[in-house]
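Undergrad: Structure for the following, please:
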Amino acid sequence: MYWLRPYGRSEVIAENGMVATSQPLATQVGIHILQSGGNAVDAAIAAAAVLDVTEPFSTGCGGDAFALLFSPNMKVPLSFNGSGKSGYLASLDDLLDKGWNEMPLRGGPTVTVPGALHLWDFMVKEYGNLKLGDVLAPAIGYAQCGFPVSPIIAAQWKMLLPVLTSQEAIRVYTMNGIAPKGGDIVRNSDLAATFQEVANSGTKVFYEGSIAEKIVNTVQQDGGFLTLDDLKSHKTEITKPISTTYNGLDVFEHPPNGQGFAALAMMNIMEELNIQQFDALSADRFHFMIEAKKLAYADLGAHNADPDFYNVPSDIYHSKKYAKIRVREINSEKTMDPPDSGINPRGDTIYLTTADSSGLVVSFINSLYLGFGSGLVVPGTGIKLQNRGSLFSLDPEHPNCYAPKKRPFHTIIPAILKGDDFYGAFGIMGGSHQAQAHAQFVSNLIDFGMPPQHAMDFPRFHHDQNKNTVSLENGIPSTVHGELRKRGHQIIHETMSGFGGGQVILRKKGVWIGGSDHRKDGQAAGF
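TA: Predicted coordinates for the structure are as follows:
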């Protein structure tokens, strides 16, 4: 009747609504919002706010977000860019005069305008059923009263402890200088107060009022470039999604400044290679997918930038015609050397998806970029500021070169799928892993008929474009490792954290079918 699991956990199947996030408390809040009169948009924002509390190093109102919305009465999804721009106080020449060859990884200069909260408010006002205060209430409760830290989050928190160097960051996001352990109860009264102030007064206080002043002071005191005008002028942008088909499936991604077009380009090349002819765990399949990824990311690294500053030729790079040309560069017996991308994208992010009884599904992604972002916490607010500006190039000839009031290269990408007998949303976290993971997931689902949970859990590869190394996840046979080495691939060991983690919700035969990646603490739930 429906997809059947080959092993592991089953898909979650429910008729009226569903939520899938990387942390169970956030999932349950989303379900509560749906059962309390909210729709999928309300549930998505409520879950995102809770994740600001429960998975603090990955996400928050001090970061950026992107979203796609889809229902059966739409021809294409609605698409939203919630990323912020660089500050007005510095030009490219100013940075070059400092002797910089590249952007720093952390600190004030890496902080761009945090666009997430504006997107949360915009989506709730324009497409939700509830008020922002109602949607923020569960996050306020967990921040004020506390929550038990889940195991994978606890392990990642401990790994990221060295990022928390300021007294404010240590005060708010450690337990007397130590990372919380699994099961420890953590509170964040500062963030609770910030959310309550936004609930009472609106987001104007964040972008123009007292909170904005604190953000700007924090950034400038650490050598950053944001001004009050930068925050005041920020807006959520309604965009037009980009798409391709993969063996009959419509795949929609958010357009640049995100890396979604690389996923589409990779899928087009994989379609030309007829990936479904190979065994799912064969050396041939992985070899051809890795080579397709190299070609797609070469174009991504050369051309992804803020479309207000550069005419990104993504319509060419994710076209079928272009894929027929690119595929000629692939040798079945020998790996290629990847072209320089000029960018080294990495990161921590949350992805979630929600669906309601009307058929609406939301694909939502929110990030600080690297774990705990810039490392800066705004005093008295609990707000962690992102370091997305570290992805700017300082090469004056590069489309992604630094400029004031410019959006940087973004790794975070939500996706929507539309097939003959199903539709839905999915996303996979993990910096530069995201686009290559999208293509692998779609291939698992379509080429090999895997159920959504299995397609998400299936072992993945990760190719690092800068080092030209390939990580193969546990579950890929040693014979595949050996064969890929013979073809010239440099195989290295990588932990589970290098392969991100994702969520998926699909609508098939009148019910929602969801899955949550085993690589995270997450949960899919429905009713």
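Undergrad: In the chain, where is pLDDT below threshold?
TA: 1-7, 339-348, 494-497 (pLDDT under 70).
Undergrad: longest helix anywhere in it?
TA: helix 283-303 (DSSP state H).
Undergrad: just checking, what packs against that one?
TA: helix 260-272, helix 314-317, helix 433-446, strand 461-464, helix 478-486 (3 or more C-beta pairs under 8 Å, 6 or more residues apart in numbering; DSSP states H and E). For the C-beta atoms, the positions are set from N, CA and C on the backbone; glycine is no exception.
Undergrad: angle of that helix against helix 478-486?
TA: Relative orientation of helix 283-303 versus helix 478-486 (axes from the mean of the first three to the mean of the last three C-alpha atoms, to 10 degrees): 50 degrees.
Undergrad: centre of the chain versus helix 283-303, how much separation?
TA: Here helix 283-303 is found 20 Å from its chain centre; the criterion is C-alpha atoms, centre = their mean, to the nearest Å.
Undergrad: again with stretch 360-372
TA: That offset, for stretch 360-372, works out to 5 Å (C-alpha atoms, centre = their mean).
Undergrad: Pull out the CA atoms of it and give them to me as PDB.
TA: These are the backbone C-alpha positions of stretch 360-372, laid out as PDB (Å, rounded to 0.1, in the frame of the first residue of the first chain):
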ATOM      1  CA  LEU A 360       0.200  22.900   3.000                       C
ATOM      2  CA  VAL A 361       3.800  21.800   3.600                       C
ATOM      3  CA  VAL A 362       6.700  24.100   4.700                       C
ATOM      4  CA  SER A 363      10.400  23.500   4.000                       C
ATOM      5  CA  PHE A 364      12.400  25.600   6.400                       C
ATOM      6  CA  ILE A 365      16.000  26.100   7.300                       C
ATOM      7  CA  ASN A 366      17.700  28.300   9.800                       C
ATOM      8  CA  SER A 367      21.400  28.700  10.600                       C
ATOM      9  CA  LEU A 368      24.200  30.500  12.500                       C
ATOM     10  CA  TYR A 369      26.600  29.000   9.900                       C
ATOM     11  CA  LEU A 370      29.500  27.500  12.000                       C
ATOM     12  CA  GLY A 371      28.600  26.200  15.500                       C
ATOM     13  CA  PHE A 372      27.700  29.200  17.700                       C
END
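Undergrad: In it, which residues are buried?
TA: If you call a residue buried by 16 or more other C-beta atoms under 10 Å, then stretch 360-372 has these buried ones: 360-372.
Undergrad: which parts of whichever strand or helix holds Phe252 are buried?
TA: Per DSSP states H and E, Phe252 falls inside strand 249-253. Counting neighbours by 16+ other C-beta under 10 Å, one finds that the buried residues in strand 249-253 are Leu249, Asp250, Val251, Phe252, Glu253.
Undergrad: any chance of the buried residues of stretch 360-372 in JSON lines, plus distance to Thr59 and secondary structure?
TA: Output for the buried residues of stretch 360-372, formatted as JSON lines (distance: C-beta to C-beta, whole Å; DSSP: H, G, I helix; E, B strand; the rest coil):
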{"residue": "Leu360", "distance to Thr59": "22", "secondary structure": "coil"}
{"residue": "Val361", "distance to Thr59": "20", "secondary structure": "strand"}
{"residue": "Val362", "distance to Thr59": "16", "secondary structure": "strand"}
{"residue": "Ser363", "distance to Thr59": "15", "secondary structure": "strand"}
{"residue": "Phe364", "distance to Thr59": "11", "secondary structure": "strand"}
{"residue": "Ile365", "distance to Thr59": "9", "secondary structure": "strand"}
{"residue": "Asn366", "distance to Thr59": "5", "secondary structure": "strand"}
{"residue": "Ser367", "distance to Thr59": "6", "secondary structure": "strand"}
{"residue": "Leu368", "distance to Thr59": "6", "secondary structure": "strand"}
{"residue": "Tyr369", "distance to Thr59": "10", "secondary structure": "strand"}
{"residue": "Leu370", "distance to Thr59": "12", "secondary structure": "coil"}
{"residue": "Gly371", "distance to Thr59": "10", "secondary structure": "coil"}
{"residue": "Phe372", "distance to Thr59": "11", "secondary structure": "coil"}
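Undergrad: of all the residues you listed, which comes closest to Asp315?
TA: Nearest to Asp315 among the buried residues of stretch 360-372: Ser363, at 21.2 Å, using C-beta to C-beta.
Undergrad: Next one: the closest one from Asn311, what distance?
TA: Going from Ser363 to Asn311 by C-beta to C-beta, to the nearest Å gives 26 Å.
Undergrad: And Asn16, by the same measure?
TA: On the measure of C-beta to C-beta, Asn16 and Asn311 end up 44 Å apart.
Undergrad: Between these two, point out the one with more neighbours.
TA: Set Asn16 next to Asn311 and count neighbours by other C-beta atoms under 10 Å: Asn16 wins out with 15 against 9.
Undergrad: Hmm, that one is touching Ser357, no?
TA: Yes. Between Asn16 and Ser357 a contact is recorded at 4.5 Å, counting by C-beta atoms under 8 Å.
Undergrad: Next, show the common contact partners of these two.
TA: Leu34 (C-beta atoms under 8 Å, 6 or more residues apart in numbering).
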